[in-house]
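Colleague: all I have is the shape, not the residue letters:
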C-alpha cells in the first residue's frame, strides 16, 4: 500500500518504531551517511517486527589538481554506475582540491569532473571509467581550458543582452561550452581544449529568425563579433483550389540550407494564417524556406515552392494532392471501424479515421511520397507499419489486439525489486513500453501489441540496462530475477 511517508530515527541500539496507518505491506527505506541505502518491503500483517541488515558505505576520495599542480578548488565530481548501475552521487573539491564521495558499495564506477557551471574554473572536463570503490587517494590531473571571447550585436550594431552562445566541435550536437551575453553583448566561452569550433548564437532574448554562427574559430580567440541577421517582413495568403482563403491554419517553414547566406542558419518555424488566410512573418534577410502544411489533416502545397525572406503577397494554393486508400482489418480479416490511420514520412504526418467497413482515405500527400501507415485506436495497433507510396489504392493495413502483460521482479537475493523502472522492448522492432514496479516488485502493462519482448531494467541517471529475460505479450504473473554477480 502507498501513503504518506513516516520517518523515525534509530536509537543507540539500532532500534526504531514506525506508527503506520494500516497493516498491509510497506516499503521501508534506511538511510545513513555511513551505510549503503537499503529498501525492504515489510508485510505488517505477517510480522510487525523486522531486522534490517545494512552494509557499511565505501567512498571514492582523492585530489583534483591542474597540470601545474594548483588545486582545482570548487570543481564538481559526479560518480555513477556501480553494482546494478543505479548509483549517482555528486560532490565538489574543497580549497585544497580534496574530494570524498561517500555512500558507495564495492564496485566499479564512472567518475566525471567538470566546472559545474562555474566559468571561473575554466577547466577541460575529464572522465574516468572503472574506478573501483573504495579508493582513498585518487589523483586526477586536469587541464586548464582555453577561451573564446567576443560580442553579439544586432543588425544595427546595438549589443544583444541575454542571448545564448555555444561552441561545438565539428558536427557534434554536444556543447563544448555555453554561456550568455552580458548587458554589453559580451561573452566568454571557457573550458575549451585546443582546436577549432563553430560558435553560434542560439538564445531567445530577442526576436530573431536565423541563427548566426562562425566556423573555424580557434580556442584562444578574442574580439570575435557575431552580428544578428536583419529581419525582413514577408507576407502571403493561403487559398484552396477554388481560390477560397484557408483561415487559421499552420504553415511550416523549413529553411533551405543550401541557399542560406554565409554565417546564418535558418530556423524551422510555424506561422498561422488569420481568418482571411493571410500571414505575416519576419525572416532573416537572404534566407529561403520551403512551406508546408504538415500539421493539416488532408491538404498539401505544390512541390518545390519556395518563399524568400522579404517576399510580398506570396500566394500558396493548397489541395488534396495524392491520396492513399485502403482498409484496416483484424487478424481474422474483419473490418476495424473508428480507428485512426496515420501516414508518416516525407516530412509530413497525415491522418484519417476508418469507416464502418474499415475503409480509410488519407489525403494531403504529394505524388511519390513514401509513408508508413500505422493505426491507433481502442484495443488495436499495427504490428508492423505498412509502407505505401502515394497515390495508392487497395492498401490493406492489418492490426493486432493490445494485450495485458504483467509480472514481478526480484533482486538476486529473492526480495521484491521495488520502484525499479522496467521496460518491455520488442525483440525485433526495438519499440518499448515502460513502468515502475510496485511494493511487491510487480509490473503491469494494459496495452501491449503481440510479440516477444525483452524485459529490461533501466535505472535513470546511470545509463546502465540489465536484461532479465523474455516475455510474450499477453503473459501474466511471470517472475523475473536479477542474475547473480
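Modeller: On my side now, so go ahead. Note that this is a predicted model, so its numbers are computed, not measured.

Colleague: give me the nearest residue to residue 339, chain neighbours excluded.
Modeller: residue 377 (2.9 Å; CB to CB, 6 or more residues apart in numbering). No exception for glycine: its C-beta is placed from N, CA and C like everyone else's.

Colleague: checking my notes, residue 103 in a strand, right?
Modeller: Yes - with DSSP: H, G, I helix; E, B strand; the rest coil as the criterion, residue 103 is part of a strand.

Colleague: contact partners for it?
Modeller: Residues near residue 103 by CB atoms under 8 Å, 6 or more residues apart in numbering: 33, 36-37, 57, 59, 89.

Colleague: next, give me the two most distant ones among those residues.
Modeller: Using CB to CB, the contacts of residue 103 span at most 14.4 Å, a distance reached by 37 and 59.

Colleague: the two: who's more crowded?
Modeller: The neighbour comparison of residue 37 against residue 59 (other CB atoms under 10 Å) goes to residue 59, with 19 against 13.

Colleague: residue 296 and residue 86: what is the separation?
Modeller: Using CB to CB, to the nearest Å, residue 296 is found at 45 Å from residue 86.

Colleague: which one of the two has more residues nearby?
Modeller: For residue 296 versus residue 86, the count of surrounding residues by other CB under 10 Å is larger for residue 296: 22 against 19.

Colleague: my guess is the more buried one contacts residue 251. True?
Modeller: No - taking contacts as CB atoms under 8 Å, residue 296 lies outside contact range of residue 251: 9.2 Å.

Colleague: rewinding a little: can you redo the contacts of residue 103 as a markdown table with pLDDT?
Modeller: Shown next, in a markdown table, are those (pLDDT from 0 to 100):
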| residue | pLDDT |
| --- | --- |
| 33 | 76 |
| 36 | 79 |
| 37 | 77 |
| 57 | 84 |
| 59 | 92 |
| 89 | 89 |
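
Colleague: tell me the contacts of residue 180?
Modeller: With CB under 8 Å, 6+ apart, residue 180 has these contacts: 162-165, 187, 203.

Colleague: parallel or antiparallel, list what pairs with the helix or strand where residue 166 lies.
Modeller: Using DSSP states H and E, residue 166 falls within strand 164-168. In the sheet, strand 164-168 lines up against strand 177-180 (antiparallel), strand 196-201 (antiparallel) (DSSP bridges).

Colleague: which parts of the last one are buried?
Modeller: Buried residues in strand 196-201, counting neighbours by 16 or more other CB atoms under 10 Å, are found at 197-201.

Colleague: and the shortest one, by the same measure?
Modeller: The neighbour-count check on strand 177-180 (16+ other CB under 10 Å) flags 177-179 as buried.

Colleague: over to stretch 146-165?
Modeller: 146-148, 150-154, 160-161, 163-165.

Colleague: make a markdown table out of those and add distance to residue 7 and secondary structure.
Modeller: Formatted as a markdown table, the buried residues of stretch 146-165 follow (distance: CB to CB, whole Å; DSSP: H, G, I helix; E, B strand; the rest coil):
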| residue | distance to residue 7 | secondary structure |
| --- | --- | --- |
| 146 | 49 | strand |
| 147 | 48 | strand |
| 148 | 50 | strand |
| 150 | 52 | strand |
| 151 | 53 | strand |
| 152 | 50 | strand |
| 153 | 56 | strand |
| 154 | 55 | coil |
| 160 | 50 | coil |
| 161 | 47 | coil |
| 163 | 46 | coil |
| 164 | 42 | strand |
| 165 | 46 | strand |
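
Colleague: tell me which two in those residues are the farthest apart.
Modeller: Top of the distance list for the buried residues of stretch 146-165 (CB to CB): 146 and 154, 27.8 Å.

Colleague: check contacts around the closest residue in space to residue 123 that isn't next to it in sequence.
Modeller: In this structure, residue 123 finds its nearest non-sequential neighbour in residue 142, 4.9 Å apart by CB to CB, 6+ apart. Contacts for residue 142 (CB under 8 Å, 6+ apart) come out as 64-67, 72, 75, 113, 123-124, 126.

Colleague: pull out the buried members of those residues.
Modeller: The neighbour count (16+ other CB under 10 Å) marks 64-66, 72, 75, 113, 123-124 as buried among the contacts of residue 142.

Colleague: quick one: which of the residues you listed sit in helices?
Modeller: Judged by DSSP state H, these include no members of helices.

Colleague: one step back: just curious, which of the contacts of residue 142 is nearest to residue 290?
Modeller: Nearest member of those to residue 290, counting by CB to CB, is residue 124, at 40.5 Å.

Colleague: surely residue 234 and residue 314 touch.
Modeller: Yes - here residue 234 reaches residue 314: they are 7.3 Å apart, a contact under CB under 8 Å.

Colleague: name the residues contacting each of the two.
Modeller: Common contacts of residue 234 and residue 314 (CB under 8 Å, 6+ apart): residue 307.

Colleague: pLDDT weak spots in the stretch 51-200 of the chain?
Modeller: 84 (pLDDT under 70).

Colleague: and the strands in it, which stretches?
Modeller: Using DSSP state E, counting those that start in this stretch, the strands of the stretch 51-200 of the chain run over 58-66, 76-81, 87-92, 98-104, 107-114, 126-133, 135-142, 146-153, 164-168, 177-180, 186-192, 196-201.

Colleague: show me which positions of the fourth one end up buried.
Modeller: The reference is to strand 98-104. Within strand 98-104, the residues scored as buried using 16+ other CB under 10 Å are 99, 101-104.
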